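Colleague: 3D model of this:
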Amino acid sequence: MASILELCVGLCVGVLYALSMVLVWPITQSMVGRSTINLPYTVIYPCEGTSHATMVNEATIDFKAWLHSDFVPFKAQLSTAPVDGSGAEVPVGTMQWPKMSLAPGHSSVGFTTSIELISQDLFSEQFLNPMFTKGQKMKLILDVRGLRLNELGIYPCPGLHMRKVLICHAKSEVAPAPSTEEIATDMCNPTDMPSEEADNLVQMKDLVLVKTGNRRLQANVRTKGYAMECLAEEESQASIAV
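Modeller: Numbering: from 1, shown residues only. Okay, here's the model as predicted:
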């Protein structure tokens, strides 16, 4: 008898959840779509001899939502294209994005992560060289499918998608890593990371890079970095108009 009652309760909860998603999902998708991501300071360190790069980010996010939400760690497909329209959009790799716990409005987070590149040569040819050799502005497109938010930390809203276009320009060609910076694992060897790798990427509120971990990134991996600013396309266009 008890098992039948539990089954009925489970079915009722499932039906209520499905009905609520009919209303909640499109609202959440709209909030994600209207939110903006900016990377006012990012440094990319290509990992020589591998198909990976380390990406150190200071990010600001304007989360246009009504409720506090947790973003479950996800992978973003990366592609790039010239801002002037002289070339087509070209996929260059994927990046890990950490768990984020965001309140409505503006938040600042800092994190270090790994980029899995299609190839180092392609990434340099299509993204780094146009900025740092030719002085061009480049689009960096983040495309995420199957994104999941936990609204209020407990109410899952799966199956979302997000596409953000950032306009990037070079700030400095050589940006040595701070000697005191440490990370929990070597981002140039993400295969050595546990299956919950994205959970171990650290979110912080004050644009601090990464909290102390148990292993330093090898110095020869990060002898040369590429510092850039990447702003949301709409904000970049607004700043030009001003």
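Colleague: Now do stretch 125-140: everything it contacts.
Modeller: With C-beta atoms under 8 Å, 6 or more residues apart in numbering as the test, stretch 125-140 has contacts from 44, 46, 78, 80-84, 87, 89-90, 92, 165-170, 173, 226, 228, 230, 233. Any C-beta I mention is one placed from the backbone N, CA and C, and that applies to glycine too.
Colleague: Just the terminal-to-terminal distance for it.
Modeller: 14 Å (C-alpha to C-alpha, to the nearest Å).
Colleague: Can you tell me which of the contacts of stretch 125-140 are buried?
Modeller: 44, 46, 78, 80-83, 90, 92, 165-170, 226, 228, 230, 233 (16 or more other C-beta atoms under 10 Å).
Colleague: Take these and keep only those in helices.
Modeller: Cross-referencing those against helices under DSSP state H gives E233.
Colleague: and the residue nearest to G93 when sequence neighbours are not counted, backbone torsions?
Modeller: Excluding its sequence neighbours, the residue lying closest to G93 (C-beta to C-beta, 6 or more residues apart in numbering) is L117, at 4.1 Å. Per-residue torsions, L117: phi -90, psi 150 (degrees, to the nearest 10).
Colleague: quick one, what contacts L117?
Modeller: Residues counted as contacts of L117 (C-beta under 8 Å, 6+ apart) are 51-53, 92-93, 123.
Colleague: how about a markdown table for those residues, with pLDDT and distance to K137 added?
Modeller: Formatted as a markdown table, the contacts of L117 follow (pLDDT from 0 to 100; distance: C-beta to C-beta, whole Å):
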| residue | pLDDT | distance to K137 |
| --- | --- | --- |
| S51 | 91 | 26 |
| H52 | 92 | 25 |
| A53 | 93 | 20 |
| V92 | 97 | 16 |
| G93 | 97 | 20 |
| F123 | 96 | 17 |
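Colleague: So which residues of the chain form strands?
Modeller: Counting by DSSP state E, the chain has strands at residues 36-46, 52-63, 69-71, 74-82, 90-97, 100-102, 105-117, 138-151, 155-172, 226-232.
Colleague: Adding distance to L23 as columns, could you present these in a markdown table?
Modeller: Formatted as a markdown table, the strands of the chain follow (distance: least, C-beta to C-beta, whole Å):
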| stretch | distance to L23 |
| --- | --- |
| strand 36-46 | 25 |
| strand 52-63 | 20 |
| strand 69-71 | 16 |
| strand 74-82 | 24 |
| strand 90-97 | 27 |
| strand 100-102 | 21 |
| strand 105-117 | 23 |
| strand 138-151 | 12 |
| strand 155-172 | 11 |
| strand 226-232 | 28 |
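Colleague: And those strands: which comes nearest P26?
Modeller: Checking those against P26 by C-beta to C-beta gives strand 155-172 as the closest, at 10.3 Å.
Colleague: Which strands border the closest one, and is each parallel or antiparallel?
Modeller: strand 138-151 (antiparallel), strand 226-232 (antiparallel) (DSSP bridges).
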